[in-house]
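Peer 1: got a sequence here, can you build the structure:
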Amino acid sequence: MTEWLKKYPPQSMVTKAYEFAGEAHKDMKRLNGDSYITHCLAVAKTVHDWRLDETSVAAALLHDVVEDTVYTIQNIEKDFGGEITFLVNGLTKLKTFQYSSKDQNVENMRKLIIAFSKDLRVVIIKLADRLHNMQTLEVLPLDDQKRIALETAEIYAPLAYRFGMQRLSGELEDLAFPYLYPNEYEWLLKTVKEEFSERQIYANKLKPIVQKLLRENEIIPVGIDSRAKRYFSLYKKLLRHDMNLEKIYDLVAIRIIVKTVEECYAVLGIIHKIWQPLPGRIKDYIARPKPNGYRSLHTIVFSVDNKITEIQIRTEEMHEEAELGIAAHWAYEQIKSSEKHWKNWLGVRERKELLWVEQLRNWQKNFSNQKEFIESLKIDFFKDRIFVITPQNDVIDLPAGATPVDFAYRIHSEIGNQCVGAKVNGKVVSLNCELRSGDVIEIITQRGKKPSPEWLKFIKTSLAANYIKNALRAKNKLLLKKIAPLGIEFKIVNKDRPGYLKDITAAFAELKINIIFLASQIDQKSIFSTVSVKCGNLERDKLEKLLVKLKAIPETKEVHHKFGR
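Peer 2: Numbering: from 1, shown residues only. I've put the predicted structure just below:
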């Protein structure tokens, strides 16, 4: 028996579950040759490390029994009672869930949604299960590797993030990265290895300086460490910044952990007193936490040698919640009565930052078309998010690139339909402007106003699109299709050389992308040229691959792209 299991007494439910699972899986092996019980133990240890209750740890040990052995759910109920049976049954149902963006298996997706809206522990244990499966993914066939990695990146990593489990979300993405984008992964490792090393050395140089500075101001930090940006997160950020590492300020960040909220703000003032902050880059997630509950102060400063550095400041409790999310919250509130404890878990969705769970469960019932539901789910709930604020100081999360119209419909369908204008941070803006995290949004309405078909050109959420189409359909009985952007234009700055245009066209040809316009302009000194290329719309993964290929062409200096309207 492993050391962590010895913390549970022999008569405990966890010890009993371990013995039961060991007997059930005794003749089973994993593909890597290990006894199958090692997987159950790994999942249960993760749940134990997240400090969930004994019921959850026991359910983690038993999570594969019904699916993979001769034992039934009735056997579990007889030996372990209703609560553990409920969790194991939910996990057994999720075992059959296999996400594929091609299959659009909406019924399985709904099972997942309904399962975690009934009891969040089911999904938390499932996340622990997925973590260990990803850590041992290399033994599976290539097709299974890519399918499971895709499911992890598009479903489970975003779910972990929504539960506030920042560390787990990043780890799942990093584990999926080499299977989904092997070439890009290798390129990133080679490109950033030296830069990571240099910035880590610099961060280590800053730590004693910060420590001394705080002590001089009578603040004793609990800890000061450095955090390296995760590879997949870095890759996504590089894509937004034309693959330019110099624009990534948080490649390595300094994290200061103190005892109280008051000390957090005191440290921020001390840091800004000696190092000038970068304008517009101070984020107060303590006063306004992210919808997933994340709290911290972030600032980017010109520190020693005038180098741009990100500094994060938080309390021990905030740090633990950032690492473990909702699991940490419930670790604080263990309740002796199992009946009360179970009800407490079932009621966890009442927490403000998790109201989206109930909203999602209700919202998904409105879709009858499978393809529409899957695409809507990916766009509206599993895409990169922004966090904007109502005049009443409520935080609303939306997909990146959302507009005031998307915001209006998120508040209420009638506010969206009657929208005639918007104010962002007190200033009147156009309805197609892209919102940013931290913006305060006020919608201006006019009674009797109807939505414009032009809105379908720029909105980002399918929720808004459905309401607009329904309103227009009621008016003129015509089903309008969303007007797509007119394609993508690339600007590629390069040191002029023979054969460069041929290399560019080859990059497009390799990905089977048709070029609809190409032109090249050389500067007066005949040293640099700018190549303009236009093509049709591209899926996100193909666009990302193309940017990497263009950046890798010898003599390429800069690559920019924009979407046409």
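Peer 1: okay, now the unreliable bits of the stretch 1-150 of the chain?
Peer 2: Counting by pLDDT under 70, the stretch 1-150 of the chain shows low-confidence ranges at 1, 96-117.
Peer 1: quick one: the helices in it?
Peer 2: Under the criterion DSSP state H, counting those that start in this stretch, the stretch 1-150 of the chain carries helices at the ranges 13-24, 37-49, 54-61, 65-68, 73-80, 82-95, 106-118, 120-135, 142-151.
Peer 1: deepest-packed of those helices, please.
Peer 2: The highest mean neighbour count among those, using mean count of other CB atoms under 10 Å, belongs to helix 54-61: a mean of 27. Placement of C-beta: from N, CA and C, glycine included.
Peer 1: thinking again about what came up before, would you turn the helices of the stretch 1-150 of the chain into a markdown table with distance to residue 553?
Peer 2: Converted to a markdown table, those look like this (distance: least, CB to CB, whole Å):
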| stretch | distance to residue 553 |
| --- | --- |
| helix 13-24 | 54 |
| helix 37-49 | 43 |
| helix 54-61 | 49 |
| helix 65-68 | 49 |
| helix 73-80 | 58 |
| helix 82-95 | 44 |
| helix 106-118 | 40 |
| helix 120-135 | 33 |
| helix 142-151 | 27 |
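Peer 1: between these, which gets nearest to residue 561?
Peer 2: Closest approach to residue 561 among these is made by helix 142-151 (24.3 Å; CB to CB).
Peer 1: just the C-alphas of that closest one, formatted as PDB.
Peer 2: C-alpha atoms of helix 142-151 as PDB (Å, rounded to 0.1, in the frame of the first residue of the first chain):
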ATOM      1  CA  LEU A 142      -1.500   7.300 -33.000                       C
ATOM      2  CA  ASP A 143      -5.200   7.800 -34.000                       C
ATOM      3  CA  ASP A 144      -6.300   7.300 -30.400                       C
ATOM      4  CA  GLN A 145      -3.500   9.600 -29.100                       C
ATOM      5  CA  LYS A 146      -4.800  12.500 -31.300                       C
ATOM      6  CA  ARG A 147      -8.400  11.900 -30.600                       C
ATOM      7  CA  ILE A 148      -7.900  11.900 -26.800                       C
ATOM      8  CA  ALA A 149      -5.500  14.900 -27.000                       C
ATOM      9  CA  LEU A 150      -8.100  16.800 -29.000                       C
ATOM     10  CA  GLU A 151     -10.900  15.900 -26.500                       C
END
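Peer 1: so where's the stretch 251-400 of the chain uncertain?
Peer 2: Looking at the stretch 251-400 of the chain by pLDDT under 70, you get 326-384.
Peer 1: that older thread, tell me which of the helices of the stretch 1-150 of the chain approaches residue 456 most closely.
Peer 2: Each of those has some distance to residue 456 by CB to CB; the shortest is helix 106-118, at 23.7 Å.
Peer 1: how many residues are close by residue 199?
Peer 2: Neighbour count of residue 199, defined by other CB atoms under 10 Å: 22.
Peer 1: now the most centrally placed residue in the chain: which helix or strand?
Peer 2: The chain has residue 158 as the residue nearest its centroid, 4.1 Å off, counting by CA atoms, centre = their mean. Element membership of residue 158, judged by DSSP states H and E, is helix 157-162.
Peer 1: okay, that helix in PDB with CA atoms only?
Peer 2: Taking C-alpha atoms only, helix 157-162 is exported to PDB below (Å, rounded to 0.1, in the frame of the first residue of the first chain):
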ATOM      1  CA  ALA A 157      -8.700  21.700 -20.100                       C
ATOM      2  CA  PRO A 158     -11.400  24.400 -20.500                       C
ATOM      3  CA  LEU A 159     -13.600  22.700 -17.900                       C
ATOM      4  CA  ALA A 160     -10.600  22.700 -15.500                       C
ATOM      5  CA  TYR A 161     -10.100  26.400 -16.100                       C
ATOM      6  CA  ARG A 162     -13.800  27.100 -15.500                       C
END
